[in-house]
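Trainee: fold the following.
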Amino acid sequence: MSLVTTLTYVLPHRLMSSLARTLAYSDSPGVSRWLIDTVTRKFGVDLGEAANSDPRSYPTFNAFFTRALKPGARVPDPDPRVLLMPADGRISQCGPIRDGEIFQAKGQSFTATELLGGDEAAAAPFRDGVFATVYLSPKDYHRVHMPWTGTLRETVHVPGRLFSVGPDAVRNVPRLFARNERLVCHFDTEFGPMAMVMVGALLVSGVETVWSGVEIPRYGDIVTTKDYRGETITLERFAEMARFNYGSTVIVLLPPGVAALDAGLGAETAVRLGQALARRSD
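Mentor: The predicted model follows:
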């Protein structure tokens, strides 16, 4: 276990993330330019794909970090039976959900029930389904898009810790994704339920959705459910769904028999928004 991962057990997660949020939203030119220059240089951010490629024109670091891409920079797989990769990044893990258990890393796993905030009824349809965990690094495009067309049923904000979600933490922190603060988004689709879980991380200062704006308060202590039944919020395949402030992870859950994960995917596979995540089985 690295020193950074070890320290995250004792660091004041929320205080650090609150401070990071203050910096991220600061409109001080000196602060925003320093942060943008540092991240661009350290992580090799490709601004050539950005709708706005001038780093000096962003009013805050958060505006830079959640930047849009040029039209056509990402396109959906043309096969209409393909469920799409929801984000740029790399696969942390993917595969079958075995009797409700989701694989995190060697010797580490958590349950779908835990991930979804302890809701056994919500987790039941995914008991023997499939999952994909996609890690977004600081250099990546930080907007998350829909793998398939779905109608929003409800969201569940689950308070928790804010461990790093980097590779060392994934290998060493038990039940990491079921312990970190997260926003669970439940969608109804033509094949049944689909869950999109936006997992927070150390220095992640929030999650925003296209239907409601900022979803994670600073910082809640109780599970909060919002019911969207009857509001007919339908997002099309490949449409933007949400965005992260700072890097983090999105987990997709699908029911059994719906789709087979693309054969080329595995742990550490680099992925791009819009490529094939899975192909419909029916």
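Trainee: per-residue confidence for residue 10?
Mentor: For residue 10, the pLDDT comes out at 69.
Trainee: kindly report the same for residue 218.
Mentor: At residue 218, the model reports a pLDDT of 57.
Trainee: begin at 16, not 1, for the rest of this chat.
Mentor: Sounds good: first residue 16 from here, last item residue 233.
Trainee: ok, now which ones touch residue 69?
Mentor: Contact analysis of residue 69 by CB atoms under 8 Å, 6 or more residues apart in numbering lists residue 62. Just so you know, the C-beta spots here come from the backbone N, C-alpha and C atoms, and that holds for glycine as well.
Trainee: show me where the stretch 66-215 of the chain has strands.
Mentor: 97-99, 104-111, 116-120, 123-126, 145-151, 158-160, 165-173, 197-204, 207-214 (DSSP state E, counting those that start in this stretch).
Trainee: please, which helix or strand holds the residue nearest the centre of the chain?
Mentor: Against the mean C-alpha coordinate of the chain, by CA atoms, centre = their mean, the closest residue is residue 265 at 2.5 Å. When elements are assigned from DSSP states H and E, residue 265 belongs to strand 263-269.
Trainee: show me what the helix or strand that that strand is followed by is packed up against.
Mentor: Counting by DSSP H and E, the next helix or strand C-terminal to strand 263-269 is strand 274-276. Strand 274-276 is packed against strand 145-151, strand 291-295, with contacts defined by 3 or more CB pairs under 8 Å, 6 or more residues apart in numbering; DSSP states H and E.
Trainee: okay, now residue 37: neighbour count?
Mentor: 11 (other CB atoms under 10 Å).
Trainee: assign it to helix, strand or coil.
Mentor: Following DSSP: H, G, I helix; E, B strand; the rest coil, the label given to residue 37 is helix.
Trainee: model confidence score at it, please.
Mentor: So residue 37 comes in at 82 (pLDDT).
Trainee: for the strands of the stretch 66-215 of the chain, give me TSV that also has mean neighbour count, distance to residue 228 and mean pLDDT.
Mentor: Shown next, in TSV, are the strands of the stretch 66-215 of the chain (neighbours: other CB atoms under 10 Å; distance: least, CB to CB, whole Å; pLDDT from 0 to 100):
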stretch	mean neighbour count	distance to residue 228	mean pLDDT
strand 97-99	24	24	98
strand 104-111	20	23	96
strand 116-120	19	29	96
strand 123-126	18	29	96
strand 145-151	24	20	97
strand 158-160	25	14	97
strand 165-173	21	12	96
strand 197-204	23	12	97
strand 207-214	24	14	97
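Trainee: now those as CSV including distance to residue 238?
Mentor: Shown next, in CSV, are the strands of the stretch 66-215 of the chain (distance: least, CB to CB, whole Å):
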stretch, distance to residue 238
strand 97-99, 28
strand 104-111, 24
strand 116-120, 19
strand 123-126, 16
strand 145-151, 21
strand 158-160, 21
strand 165-173, 6
strand 197-204, 10
strand 207-214, 14
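Trainee: identify whichever of these lies nearest to residue 258.
Mentor: strand 158-160 (4.5 Å; CB to CB).
Trainee: measure residue 117 to residue 255 for me?
Mentor: Using CB to CB, to the nearest Å, we find residue 117 at a distance of 25 Å from residue 255.
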